[in-house]
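> Sequence plus predicted model, see below.
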Protein chains: 2
Amino acid sequence: MEDLINKYKGRGFKLTPQRIEILRFLEGNTSHPTAEDIYREIKKKYGTVSFATVYNTLQALKERGELLEVTIDPERKHFDPNSTPHHHIICGSCGKIEDVFEDYSGALKLPEKVLEKFTATGNHIDFFGICADCKN
Amino acid sequence: MEDLINKYKGRGFKLTPQRIEILRFLEGNTSHPTAEDIYREIKKKYGTVSFATVYNTLQALKERGELLEVTIDPERKHFDPNSTPHHHIICGSCGKIEDVFEDYSGALKLPEKVLEKFTATGNHIDFFGICADCKN
DNA sequence: ATTGTATAATGGAATTATTCCAAGATGAGA
DNA sequence: TCTCATCTTGGAATAATTCCATTATACAAT
């Protein structure tokens, strides 16, 4: 927590109580929450927090490269505070998203045909599956 | 076109003029259109077509496995009538999406740790890049 | 060809996710 | 402590998508 506060000190990122709560919720969180998940969580402590605050904060963190938007779920955006490169797997039944830490970069060479038209900057793999809980 | 009509004959898929127009627009289309792109196109010929019709038809095609939803763009869904397995690359500047036909399946083994929790059913790679048009 | 019926099309309202905005509040540097 | 750039808030606005009641129609059976 102290670490969190120090991390943002003097960097043009105003540390408000709501933001601190959002940062604490996100720190080390691997559940890939949606904006609503975050909103509901912060509301427990700050009953008047607004979605605007949540979205503003998420936006600020994204701009700092400290938060990634996960687009694996077609219905809504999820957020991931782990900004080190990794991939995701989503359960087709319950929608649970988990991290896949494995480096496939060596294998993901683009075909010549594509390289003629695009300069590659990165990639992300969506894995699909069924989780143990849903296999009942 | 005759092919298209025969393809759907007697399969519980009612071929209305609007649907035929949507099918014709999608057939062989590699532009990854959004629902609105499709709506605007069909509207040229059928001025009263509604978004409901477009979404209903896309839904029916998805259920038949003849259309895929592409979730690479965080802002909206794109649709891809090519249901053979392939990946995508999106231009970070203009948003253009193109196909990547390359089989990486042999390389995409999931770590044991993940396999203990999920039965894998598939995967899709999002490549990010900048297209030639945008490199100016 | 005619008809019956299940299915589709339509317009508009409803829903959901997200962004915008104006007004008041506040963190943090001077 | 004071100042002000930045943040928070509630509500309105936007955008994507879905829902619904009504009318229309494709097509299978006659």
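It's in.

> Quickly list the domain ranges of chain A.
For chain A, automatic domain parsing gives the domain ranges A:2-79, A:84-135.

> Please work out the average pLDDT along the longest one.
Throughout domain A:2-79, pLDDT has a mean value of 93.

> now it, how far from the centre of its chain.
Computed by Cα atoms, centre = their mean, to the nearest Å, the chain-centroid distance of domain A:2-79 equals 9 Å.

> Just give me the longest helix of chain A.
helix A:51-63 (DSSP state H).

> Now do the phi/psi pair for the residue nearest in space to the middle of chain A.
Centroid-nearest residue in chain A, with Cα atoms, centre = their mean: residue A:80, separated by 1.6 Å. Main-chain torsions, residue A:80, degrees, to the nearest 10: phi -130, psi 110.

> dump the residue contacts of it.
By Cβ atoms under 8 Å, 6 or more residues apart in numbering or on different chains, residue A:80 lies in contact with A:32, A:67-70, A:99. Heads up, the C-betas are built off the backbone N, CA and C, glycines and all.

> do that again at 6 Å, thanks
Going by Cβ atoms under 6 Å, 6 or more residues apart in numbering or on different chains, residue A:80 touches A:32, A:68, A:70.

> same question, residue A:126
Residues near residue A:126 by Cβ under 6 Å, 6+ apart: A:72, B:124.

> mind checking the SS state of it?
Secondary structure, DSSP: H, G, I helix; E, B strand; the rest coil: residue A:126 is strand.

> picking up where we left off before, which of the contacts of residue A:80 lies closest to DNA strand C?
Set against DNA strand C, the nearest of these by Cβ to the nearest atom of the strand is residue A:70 (10.4 Å).

> Look up how far residue B:77 lies from that closest one.
According to Cβ to Cβ, to the nearest Å, residue A:70 and residue B:77 sit 16 Å apart.

> Now residue A:43: closest residue in space that isn't a chain neighbour?
If the residues on either side of it in the chain are set aside, residue A:43 comes closest to residue A:49, at 5.5 Å by Cβ to Cβ, 6 or more residues apart in numbering or on different chains.

> pretty sure that neighbour contacts residue A:41?
No - with contact defined as Cβ atoms under 6 Å, residue A:49 does not count as touching residue A:41 (9.6 Å).

> one step back: now do whichever helix or strand comes after the longest helix of chain A: everything it contacts.
Using DSSP states H and E, the next helix or strand after helix A:51-63 towards the C-terminus is strand A:68-70. Here strand A:68-70 makes contact (Cβ under 6 Å, 6+ apart) with A:32, A:77-78, A:80, A:83, B:74.
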